[in-house]
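1. Give me the fold of what follows.
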Amino acid sequence: MKYSFQPKGVCSAFITFNINDGILSEVIFKGGCDGNLKAISKLVEGMKCETVVKILKGNDCRGRGTSCADQLAIAIEQAMENEKQ
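-> Numbers count the residues shown, from 1 in each chain. Sure, this is the predicted structure:
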């Protein structure tokens, strides 16, 4: 299933991703630090959602209290919660 998320407090304006059977794929960030976000997308491709959340949640960017990686983790958590319902 495809998900879209508008992050808060970061440079990235939008995140889209797919979850199929608990596996993350096709992560795309719009805006933000292009090279770093493309790298994150490649690294998490094919990983279990729970693992990605565990690794990325709480990552901070420049004292903002969040980061694009943290926002991805939050988006995945919300998507997983929606899938349970």
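2. Give me the residues contacting stretch 66-85.
-> 1, 3, 5, 7-12, 15, 17, 19, 22, 24, 27, 29, 32-33, 36-37, 40, 44, 49-50, 52-53, 55-61 (CB atoms under 8 Å, 6 or more residues apart in numbering). Yep, even glycine has a C-beta here, placed from its N, CA and C like the rest.
3. Sort out for me which of these are in helices.
-> Among the contacts of stretch 66-85, the members falling in helices (DSSP state H) are Asn36, Leu37, Ile40, Val44, Cys49, Glu50, Val52, Val53, Ile55, Leu56.
4. biggest separation within those residues, which pair?
-> Pairwise distances across these peak at 22.7 Å for Asn36 and Glu50 (criterion: CB to CB).
5. Return the set of buried residues in the helix or strand Glu83 falls within.
-> Using DSSP states H and E, Glu83 sits within helix 68-84. Going by neighbour count (16 or more other CB atoms under 10 Å), the buried part of helix 68-84 is Cys68, Ala69, Asp70, Gln71, Leu72, Ala73, Ile74, Ala75, Ile76, Ala79.
6. now the ones in helices among the contacts of stretch 66-85: which count as buried?
-> Leu37, Ile40, Val44, Cys49, Val52, Val53, Leu56.
7. and those residues as JSON lines, adding pLDDT and distance to Gln85?
-> Listed next are those as JSON lines, based on pLDDT from 0 to 100; distance: CB to CB, whole Å:
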{"residue": "Leu37", "pLDDT": "98", "distance to Gln85": "29"}
{"residue": "Ile40", "pLDDT": "98", "distance to Gln85": "27"}
{"residue": "Val44", "pLDDT": "98", "distance to Gln85": "24"}
{"residue": "Cys49", "pLDDT": "98", "distance to Gln85": "16"}
{"residue": "Val52", "pLDDT": "98", "distance to Gln85": "21"}
{"residue": "Val53", "pLDDT": "98", "distance to Gln85": "18"}
{"residue": "Leu56", "pLDDT": "98", "distance to Gln85": "23"}
